[in-house]
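> mind looking at a prediction? Sequence and model below.
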Amino acid sequence: MKFLDKPNSAAKNFYISSAFWVCVATLYGLTAAVELVAPDIFANIPELLFGRIRPIHINLVLFGFLTPSLIGTALYLVPLLTQTKLYSERLANIAMIIWNIFTAAAVFTLSGGKTQGREYAELIWPIDILVIISFLILTFVVVKTILNRKENLMFVSLWYIAGAFIWTSVLYTLGNVVWNPETGALKGTTDAIWLWFYGHNIFGLLLTPLAVAAAYYIIPRVTGAPIYSHTLSLIGFWMLLVMYTHIGTHHLIQAPVPQWLKVISIVDSIGMLVPVMTFLTNVWLPLKERFSTFYKEIAGKYVFAGTFFYFIVCIQGPLQSLPSVQRITHFNNWVVAHAHLALLGFAGFIAVGAMYYFLPKVSGREIYSKTLANFQYWLLMIGVNGFFLVLTAVGLVQGSSWLHGETIYRVLPEMVPYFTIRALLGVLIVAGFIIGFYNVIMTLVKGKEIRSV
Amino acid sequence: MKMTTSVLLVGTLLIFIIIFVIVVIIPTYQAQITPSDIVRKRTQIEEEGRKIYIENGCTYCHSQYIRPQDWDLGADRIAQEGDYVNDEPILLGSIRTGPDLSNAGGEHPDDWHYAHFVNPRYTRPESIMPPFEFLGDKKIRALTSYIQSLGGKEADARVARQKYWNKILVDAYNKGPDSNVAILHRNVPEMWINMPNPYPATEASLKRGERIYQSFCIGCHGPVGDGQGPAAKYLNPPPLNFTLLKRTGASSGIFYYQIMNGITGTAMPYFKRELESEKIWDVSNYIMINFVGKKDANLEPRGIDASYEPVDSIEIKKYKGE
């Protein structure tokens, strides 16, 4: 069992898991995209039914790709910033093993139609329990490490990491209604309110803080420009918690839920501009003419792109919470475009960048090929921007047509060219992540060893 | 302000819990639990169908709530909180790639759904829904029962109307082609029966009619209008063979009315929500000329022609006063 105690092995293993699962996740996404253009292509193969693979794609992106990668980063950053050892490498590795088990189980159960049918909370009860155990172990390890810290000052990244683990442990338990194993749901519109409280915050209180934590550390490191203001860090942190937690109901603006709740969600969605802009001010403002220093390191490129996508997606988000905007954008691919910009653009680019930044540190080997990492960057860059443009465009086509009285069926043929381009762009993204996985494996096997100082 | 361990570990959790109470717990206690007037308990087979609906992720393309600005399927009843009191989980959905299903019950008869589940393109040629033939007969029937229950008591009434007319129309069909055509035409209002097609049957308009035919009609009525489309074998009564009308006669007005309103009780849906006037008249011209072999475009009574309509060699003399 000694290999479980090797320093930094948990972080490394989480990175490998992420690099693998993202290939599976995007392949499922690509399959779904192809089915929207050619619905008979996998006719009568239930395991590849659109309605089954869409949740697989989403759950794998969330729990296979983004979270493990960002956890890897967190597990490296926490000991570094506290100037101590990780409380227990073994416990973190056990969490990693459980993590991979439940991720694989998620694929098998959802393929077989075993689902709770609640978007983002599909996983059945036994898997929910594994997720919660994994999160509790990681929270315990992170909190214990912070309590054992030798460095008295807590850097801003630490706040976000600690927050993310604590909030998500509670949020996942509540949002999946785990005290009701049969359906994992409540009755009526109440269920929708609970679901979207969970569904929005599983991104906002898990991925956002972990990605922001990584960027807060990496950007000053790569560019040599310190963070602008401690006060802004504090404002950004507390406002993220206060604003984000309120806004789940903006998914239900046009549904029959209480009006006051909708008002709160819209007001706080606009309020989200504050934590987002304070963070961006904090990391961008000190750069001034040093912007180009991002490009010295491949990791810097990824992380800067991630913060830029954060900027765009967090201006779009508040705007599309407005009822007048939602009249057009709700229920169609505009939202899918927004989701890809947030997850692949913002969280995804930062997760991959942080992995490339820390992988040499946790493995003791240099990245196998900078050229491949750069190539992957451009594949993903073209892919995500293309997705955003094409899906936003088709969303506007759908939304405006419906508003003018066209039926769903009449608009379907208009979507074909957009969906075709979208599927082709999907090929770039899948290729990018397969190259990434190859690069990670080769780094661990053949990467040049870094001589320890 | 300095961030301390206790503020970080306890303070953030406290704020999280407080907000959770405000935006989740309070609305939970305020929630309306009185069922709305359409709600009824689902039967066992409908519950089974709902499970199949969840298992196969129907909810990722079909929403189940009508918004105030909607036009499409079910748009005549805007969703109310009390509609969902029996739903666990609630299946509101977040994207509408297919039509909203909250009021879908009774929109179509069971046999239309059967053909549609076997392959959606049999009944809706441009659909992008995957085929569900793999479910097998029993599960397709359960799923159909669930769809027919959506809309509650109002849906039940619509289903009853489907069944009432289905019996009458199947009886007429079984008595032979003449009796079948007779009953179909008898249920068209007189004014429509005598109405010629007010749209000129130009080459371009027939092309447009063909396009509409292929997008909407071909799955049941077939490419040559003989009622032998791929859906036909699942339907009772089967789709009309238009070539029968060569003998019994027909008019664009009859077609217009039947396309507009559908023939409730059969798999023939209404298209008045999807096709505007010109498209229905164009497809009527297309069917009349290609399958019935008659042309009633622009016959009397016709009034004053619209300004874009072609002027023929006789008319031109009148207009020029020659």
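Perfect, thanks for sending it.
> what sits closest to residue B:4 if chain neighbours are left out?
Nearest residue to residue B:4, sequence neighbours excluded (CB to CB, 6 or more residues apart in numbering or on different chains): residue A:154, at 7.9 Å. C-betas here are computed from N, CA, C, even on glycine.
> the residue of chain B found nearest chain A: neighbour count?
Per CB to the nearest CB, residue B:57 is where chain B lies closest to chain A, at 2.3 Å. Residue B:57 has 24 neighbours, counted by other CB atoms under 10 Å in any protein chain shown.
> rewinding a little: tell me who's in contact with the residue nearest to residue B:4.
Residue A:154 sits next to A:81-82, A:146, B:3-5, B:8 when contact means CB atoms under 8 Å, 6 or more residues apart in numbering or on different chains.
> now the buried members of these.
By neighbour count, with 16 or more other CB atoms under 10 Å in any protein chain shown, the contacts of residue A:154 hold A:81-82, A:146, B:3, B:8 as buried.
> in terms of pLDDT, where does the residue nearest to residue B:131 when sequence neighbours are not counted sit?
With sequence-adjacent residues excluded and distances taken as CB to CB, 6+ apart, residue B:131 is closest to residue B:119, at 4.5 Å. Here, the pLDDT recorded for residue B:119 equals 97.
> burial check on residue B:119, number of neighbours?
23.
> thought residue B:229 was touching it, still the case?
No - with contact defined as CB atoms under 8 Å, residue B:119 does not count as touching residue B:229 (11.3 Å).
> and the stretch 201-322 of chain B, which residues reach chain A?
Taking CB under 8 Å from any CB of the partner chain as the contact definition, the stretch 201-322 of chain B meets chain A at B:215, B:273-274.
> and with 10 Å instead?
Residues of the stretch 201-322 of chain B found near chain A (CB under 10 Å from any CB of the partner chain) are B:215-216, B:271, B:273-276, B:279.
> okay, and for the chain, where does confidence drop off?
Let's take chain A. A:452-453 (pLDDT under 70).
> meant chain B, my bad for not saying
For chain B (pLDDT under 70), the answer is B:1.
> in it, where's the longest helix?
helix B:152-174 (DSSP state H).
> show me what the helix or strand just after that helix is packed up against.
As assigned by DSSP states H and E, the chain's next helix or strand after helix B:152-174 is helix B:177-186. If you count contacts as 3 or more CB pairs under 10 Å, 6 or more residues apart in numbering or on different chains; DSSP states H and E, helix B:177-186 packs onto helix B:152-174, helix B:190-193, helix B:245-248, helix B:252-261.
> recalculate using a threshold of 8 Å.
Helix B:177-186 sits against helix B:152-174, helix B:245-248, with contacts defined as 3 or more CB pairs under 8 Å, 6 or more residues apart in numbering or on different chains; DSSP states H and E.
> name the residue of chain A that lies nearest to chain B.
Counting by CB to the nearest CB, chain A gets nearest chain B through residue A:51, at 2.3 Å.
> which residues in the stretch 51-200 of chain B form helices?
All helices of the stretch 51-200 of chain B, identified by DSSP state H, counting those that start in this stretch, fall at B:110-118, B:120-123, B:136-149, B:152-174, B:177-186, B:190-193.
> adding distance to residue A:47 and mean neighbour count, write those out as a markdown table.
Putting the helices of the stretch 51-200 of chain B into a markdown table (distance: least, CB to CB, whole Å; neighbours: other CB atoms under 10 Å in any protein chain shown) gives the following:
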| stretch | distance to residue A:47 | mean neighbour count |
| --- | --- | --- |
| helix B:110-118 | 18 | 22 |
| helix B:120-123 | 19 | 22 |
| helix B:136-149 | 16 | 19 |
| helix B:152-174 | 32 | 16 |
| helix B:177-186 | 44 | 16 |
| helix B:190-193 | 50 | 12 |
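> now render those helices as JSON lines, adding distance to residue A:405.
Converted to JSON lines, the helices of the stretch 51-200 of chain B look like this (distance: least, CB to CB, whole Å):
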{"stretch": "helix B:110-118", "distance to residue A:405": "24"}
{"stretch": "helix B:120-123", "distance to residue A:405": "23"}
{"stretch": "helix B:136-149", "distance to residue A:405": "24"}
{"stretch": "helix B:152-174", "distance to residue A:405": "22"}
{"stretch": "helix B:177-186", "distance to residue A:405": "29"}
{"stretch": "helix B:190-193", "distance to residue A:405": "24"}
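> which of those helices sits closest to residue B:234?
Using CB to CB as the measure, helix B:110-118 is the one of these that comes nearest residue B:234, at 3.8 Å.
> who does the closest one touch, helix- and strand-wise?
If you count contacts as 3+ CB pairs under 8 Å, 6+ apart, helix B:110-118 packs onto helix B:120-123, helix B:136-149.
> quick one: those as JSON lines, columns for distance to residue B:15 too.
Formatted as JSON lines, the helices and strands packed on helix B:110-118 follow (distance: least, CB to CB, whole Å):
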{"stretch": "helix B:120-123", "distance to residue B:15": "48"}
{"stretch": "helix B:136-149", "distance to residue B:15": "42"}
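> in CSV, list the ones you listed along with distance to chain A.
Putting the helices and strands packed on helix B:110-118 into CSV (distance: least, CB to the nearest CB, whole Å) gives the following:
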stretch, distance to chain A
helix B:120-123, 7
helix B:136-149, 10
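> do you know which of those helices lies nearest residue A:110?
Proximity to residue A:110 (CB to CB) singles out helix B:136-149 among the helices and strands packed on helix B:110-118, at 18.3 Å.
> tell me the helices and strands packed up against that closest one.
helix B:44-55, helix B:110-118, helix B:152-174.
> ok, back up a step: against residue A:249, how distant is the residue nearest to residue B:131?
39 Å (CB to CB, to the nearest Å).
> go on, residue A:96?
Distance of residue A:96 to residue A:249, given as CB to CB: 35 Å.
> okay, now residue A:5: neighbour count?
Residues within reach of residue A:5, counting by other CB under 10 Å, total 12.
> residues touching residue A:41, list them.
Listed by CB under 8 Å, 6+ apart, the contact set of residue A:41 reads A:34-35.
> mind listing what's buried in whichever strand or helix holds residue A:138?
Using DSSP H and E, residue A:138 sits within helix A:125-147. For helix A:125-147, the neighbour count (16+ other CB under 10 Å) marks A:125, A:127-135, A:137-143, A:145-146 as buried.
> stretch A:217-237 now?
Buried residues in stretch A:217-237, counted by 16+ other CB under 10 Å: A:217-220, A:222-223, A:225, A:227-228, A:232-237.
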